[in-house]
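Novice: here's my sequence, what's the structure:
(2 chains)
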Protein chains: 2
Amino acid sequence: MNEDVIETLKRIFYPRSVAVIGASSDPNKIGGMILNNLIKDGYKGTIYPINIRCGRDFSEISGVKCYSSVKEVQGEIDVAVLAIPAKYVPQALVECGEKGVKGAIIISSGFAETGEEGAKLQKEILQIAKKFGIRIIGPNCMGIVNAHANLNLWFGLRIFRRGNIALISQSGAIADGFYSWAIDENLAFSIVVSLGNRADIDEGDLLTFLKEDPYTNVIGLYIEGLPAGMGKKFLRALREVTTVKPVVVLKAGRSSSGARVSLSHTGSLAGMYEVYKAAINQYGGIVVESSEEFMDVLKALSLIKRKKGKRLAIISNSGGLAILASDEAEKIGLSVPEFPIEVQKKILGIIPPFGNPKNPVDITAQGGPEDQKNMYCKVFDIINDETLVDAVLVIVEGSYPYDLMNAIKDAICHCIAPKKKLPTVVAWVGSKRLVGDLINEVEERGLPVYPSPERAVRVLKHVLTGVKE
Amino acid sequence: MNEDVIETLKRIFYPRSVAVIGASSDPNKIGGMILNNLIKDGYKGTIYPINIRCGRDFSEISGVKCYSSVKEVQGEIDVAVLAIPAKYVPQALVECGEKGVKGAIIISSGFAETGEEGAKLQKEILQIAKKFGIRIIGPNCMGIVNAHANLNLWFGLRIFRRGNIALISQSGAIADGFYSWAIDENLAFSIVVSLGNRADIDEGDLLTFLKEDPYTNVIGLYIEGLPAGMGKKFLRALREVTTVKPVVVLKAGRSSSGARVSLSHTGSLAGMYEVYKAAINQYGGIVVESSEEFMDVLKALSLIKRKKGKRLAIISNSGGLAILASDEAEKIGLSVPEFPIEVQKKILGIIPPFGNPKNPVDITAQGGPEDQKNMYCKVFDIINDETLVDAVLVIVEGSYPYDLMNAIKDAICHCIAPKKKLPTVVAWVGSKRLVGDLINEVEERGLPVYPSPERAVRVLKHVLTGVKE
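Specialist: Numbers count the residues shown, from 1 in each chain, chains lettered A, B, ... in the order given. This is a model prediction of the structure:
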């Protein structure tokens, strides 16, 4: 069973050929946007635009030979994307079945989300799918992206970066929002999936598939609620995948007002949320409490491995920011242990006398670019020691002068990054408009950067295992 | 007494003339950077660069006639900035006193922060200041900025924007970090002050002055600890200013590890923090829990007035984001009341049948630019009603297509902004690189924008009074 779904999802996410049913040359139409994204993002397989008017009114769409039905296509079709009005979906799906298509992504809305009539239609397409052995993503979804296959079947953004984060979302708008927000936050995705009405393929299937996906190292999951009976399958898949890849879960719908939007919820929601959270944790998932934390933790785990422990070393050129970080750390259950005297003595040999060697280490803003670089490098050499701590937070204050900031960036990229033995994250409090290029360089070296000390610390709560609030 | 300090601080922040003691033509030196900032940011008063070598080795610095001592200056000097080694500060201060200078900003470090010797030197300069009636900001500070006077006595960033937020920070690096971070977060300052060792002028003095400052509408305060005996004065000033202007306080140093950096702390810190927090709240201040919340609340209060209440209306083009917002709202003590049936009926006449009219209102992503614009406008007209709620959260999902996003921006700028009667904030989940210009337009119309629904909701906790967790 697992093998089946893995094979089908492989064919869907790494297809040799794609049919776009409802293809259009108008990029404002959904079928036009998807065809356009597929071509422009450099998909290497064969594209079959399908449009009922093809052969009659025109013979190609956006420069690609088109067909009036999948049944006219000579070659095999691995996956079909359906972007046509709901009422035409059953017939198109029958044709897909007759053609031997095994995967269908149904973008079309007008199904269960609209009420009784739509629910009936959804049942009908499920029966067709079952008859022909077609697996469905959707309906009422925003599509899928597999950046490493240059596969953009999303009616929205172009592929902007290739990475190792897979994002699965019940809500298409959430996936779309997070996917574009990620541009600013420097997250890089392998796969993005909008599940929509989740009539067939669900989170459990995708977790099972993503466990094997070679380009995916961390998985982010947005869920509102699991339909009754689906919990077991989901938790089993969660346990299996989390033995090799971390799964970060943002679970929405804990409030009574939120439940008014999310129809699937009933009963005591806050209580339900605690039950969900406990179950997800128990089965190896990481539950975060806000969308920002979701993005922050995904970025961290796309770059660094989790580690047991809870002790944190902090190095900072600003005492104030070091205090804010320490406050947050203790508040959420991390410890910032005072270093042994002999370690403090070594650090005192590097930093100015009015600095602080105890942990957090305040190297102060004293000196020029070379001095600052040296202090960051040499102090890091001392505290990068797992007998002392389990993780390191590097805090940088400033955006100006550029030379000074550049020297600190060099310390992080050329001393800290190559030597780090522990999970190491950076809080850089300044302006991305002024030092964004330096921050990007740091992230390219594998250290996640956050704009505030508290956000960096909260991420470490999930990177380190063994933290209890 | 209050009158005195107000008059002196007016002279410091709106000076007719400034002497830069330790001026240099080298922009990498502190005295060079400050002189450069003062000239380039268009200060309209008279600038007197002071350098001991002036008259002997050169007669002007950066094109401005210079002097070897303040005593050689003919005209009056309202404020002197000292950027010279600590050991020369006493003599320079005596000369300032003899010249009749009433305000000195001492950037120089090497005082109480360095130990006993420095503390002695600090005492000495305080005695000189007292003898001549000079008021001091610093020593060991990063300077001051008054954007509305084109006064940049900061050894760092140029003035990038003019606004109504005053930022007072005990820590210079914190002020510098927040000041530059503000570029990305669209915060606009009137005045920025780094208090440094706070040997003379303190938070209480500045609050008293800022209460009267015509360009300041909201005040942000970063404090680590108040010296014994200063509490009363501070709280009295806090109570007075908060009757007319909100004061947002970020209080650091609640943890034992944080206290290792902040020397002034002793005793049970977490407990102390609760006492501080309660006192600040009682005297009218707003205590925030992180640097990001500090920035977020300052931006909100720079644009909108506080209001009594706790009921929130939410309108969103994404159901998922509406749920996340509702979850956060209930978690922190806001309510998202279900609308009366007749209100729901009116909304149902505007949104698609599979949308949600109950509150949160899910208008869905249905339709083109004009449809989306109409839905935001018309639904807002209905929920912008203080008999229903006390504040409104407008959620926008997306970065693409631009036309669609631009239409939603138009709805906010041209329907919502001019009609709003309640505190109204926006959460726009997308990419600033793609729609940053649209977000800027929204903020120019007076609605603060945040990148996640939870951040927008947490801000409303402080904008609305009457919220209890």
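
Novice: can you list the domain ranges for chain A.
Specialist: Listed by automatic domain parsing, the domain ranges of chain A are A:2-301, A:305-463.

Novice: mean pLDDT lowest where, among those domains?
Specialist: When these are compared by mean pLDDT, domain A:2-301 comes last with a mean of 93.

Novice: thinking again about what came up before, make CSV out of the domains of chain A and add mean neighbour count.
Specialist: For every residue, glycine as well, the C-beta is placed using N, CA and C. CSV is the format used below for these (neighbours: other Cβ atoms under 10 Å in any protein chain shown):
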stretch, mean neighbour count
domain A:2-301, 20
domain A:305-463, 21
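
Novice: in CSV, list the ones you listed along with distance to residue B:18.
Specialist: As requested, these are arranged in CSV below (distance: least, Cβ to Cβ, whole Å):
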stretch, distance to residue B:18
domain A:2-301, 39
domain A:305-463, 21
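
Novice: which stretch among the ones you listed comes nearest residue B:452?
Specialist: Comparing the domains of chain A by their distance to residue B:452 (Cβ to Cβ), the top pick is domain A:2-301, with 4.7 Å.

Novice: is the closest one positioned near chain B?
Specialist: Yes - contact of domain A:2-301 with chain B (Cβ under 8 Å from any Cβ of the partner chain) involves A:28, A:33, A:109, A:113-115, A:156-157, A:169-171, A:173-174, A:176-178, A:180-184, A:222, A:224, A:250, A:252-258, A:260-262, A:270, A:290-292.

Novice: among those, which are in strands?
Specialist: A:169, A:222, A:250 (DSSP state E).

Novice: can you map out the helices along the stretch 251-400 of chain A?
Specialist: Along the stretch 251-400 of chain A, counting by DSSP state H, counting those that start in this stretch, helices occupy A:256-259, A:269-282, A:291-303, A:319-331, A:341-348, A:369-383.

Novice: helices and strands around the helix or strand that residue A:408 is a member of, which ones?
Specialist: Element membership of residue A:408, judged by DSSP states H and E, is helix A:402-410. Counting contacts by 3 or more Cβ pairs under 8 Å, 6 or more residues apart in numbering or on different chains; DSSP states H and E, helix A:402-410 is packed against helix A:369-383, helix A:432-444.

Novice: closest one to residue B:360 among these?
Specialist: Proximity to residue B:360 (Cβ to Cβ) singles out helix A:432-444 among those, at 31.2 Å.

Novice: same for that closest one, what does it pack against?
Specialist: The helices and strands touching helix A:432-444, judged by 3+ Cβ pairs under 8 Å, 6+ apart, are helix A:402-410, strand A:424-429, strand A:449-450, helix B:172-185.

Novice: try 10 Å
Specialist: Packed against helix A:432-444 by the contact rule (3 or more Cβ pairs under 10 Å, 6 or more residues apart in numbering or on different chains; DSSP states H and E) you find helix A:291-303, strand A:391-397, helix A:402-410, helix A:417-419, strand A:424-429, strand A:449-450, helix B:172-185.

Novice: relative to residue A:3, which of those is closest?
Specialist: Nearest to residue A:3 among those is helix A:291-303 (27.5 Å), distances taken as Cβ to Cβ.

Novice: just want the angle from the closest one to strand B:424-429.
Specialist: For helix A:291-303 against strand B:424-429, the angle between stretch directions is 20 degrees (axes from the mean of the first three to the mean of the last three Cα atoms, to 10 degrees).

Novice: just the CA atoms of the helix holding residue A:408, as CSV, please.
Specialist: Listed next in CSV are the C-alpha coordinates belonging to helix A:402-410 (Å, rounded to 0.1, in the frame of the first residue of the first chain):
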residue,chain,number,x,y,z
TYR,A,402,29.4,48.8,6.1
ASP,A,403,33.1,47.9,6.5
LEU,A,404,32.5,47.0,10.1
MET,A,405,29.4,44.9,9.3
ASN,A,406,31.3,43.2,6.5
ALA,A,407,34.1,42.2,8.9
ILE,A,408,31.6,40.7,11.3
LYS,A,409,30.0,38.8,8.3
ASP,A,410,33.5,37.5,7.5
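
Novice: relative to helix A:432-444, how tilted is it?
Specialist: Between helix A:402-410 and helix A:432-444, the angle comes out at 20 degrees (the same axes, to 10 degrees).

Novice: how far does stretch A:301-318 sit from the chain's center?
Specialist: Distance of stretch A:301-318 from the chain centroid (Cα atoms, centre = their mean, to the nearest Å) equals 20 Å.

Novice: gap between the two ends of it?
Specialist: 26 Å (Cα to Cα, to the nearest Å).

Novice: next up, the contacts around the spatially most distant residue from the centre of chain A.
Specialist: Centroid-distance maximum for chain A: residue A:353 at 44.1 Å, with Cα atoms, centre = their mean. Contact analysis of residue A:353 by Cβ atoms under 10 Å, 6 or more residues apart in numbering or on different chains lists A:364, A:366, B:114-115.

Novice: quick revisit: could the helices of the stretch 251-400 of chain A go into CSV alongside distance to residue A:198?
Specialist: Below are the helices of the stretch 251-400 of chain A laid out as CSV (distance: least, Cβ to Cβ, whole Å):
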stretch, distance to residue A:198
helix A:256-259, 18
helix A:269-282, 17
helix A:291-303, 19
helix A:319-331, 37
helix A:341-348, 53
helix A:369-383, 47
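
Novice: closest to residue B:296 out of those helices?
Specialist: Per Cβ to Cβ, nearest to residue B:296 of the helices of the stretch 251-400 of chain A: helix A:291-303, 11.2 Å.

Novice: re the thing from before, dihedrals phi and psi, the residue farthest from the centre of chain A?
Specialist: Here is the backbone geometry of residue A:353 (degrees, to the nearest 10): phi -60, psi -30.

Novice: ok, then the element right after the helix ranked longest in chain A?
Specialist: Scanning chain A for the helix with the most residues, using DSSP state H, yields helix A:116-132. Remark: after helix A:116-132, the chain's next helix or strand is strand A:135-137, criterion DSSP H and E.

Novice: that concludes my questions; thank you for your assistance.
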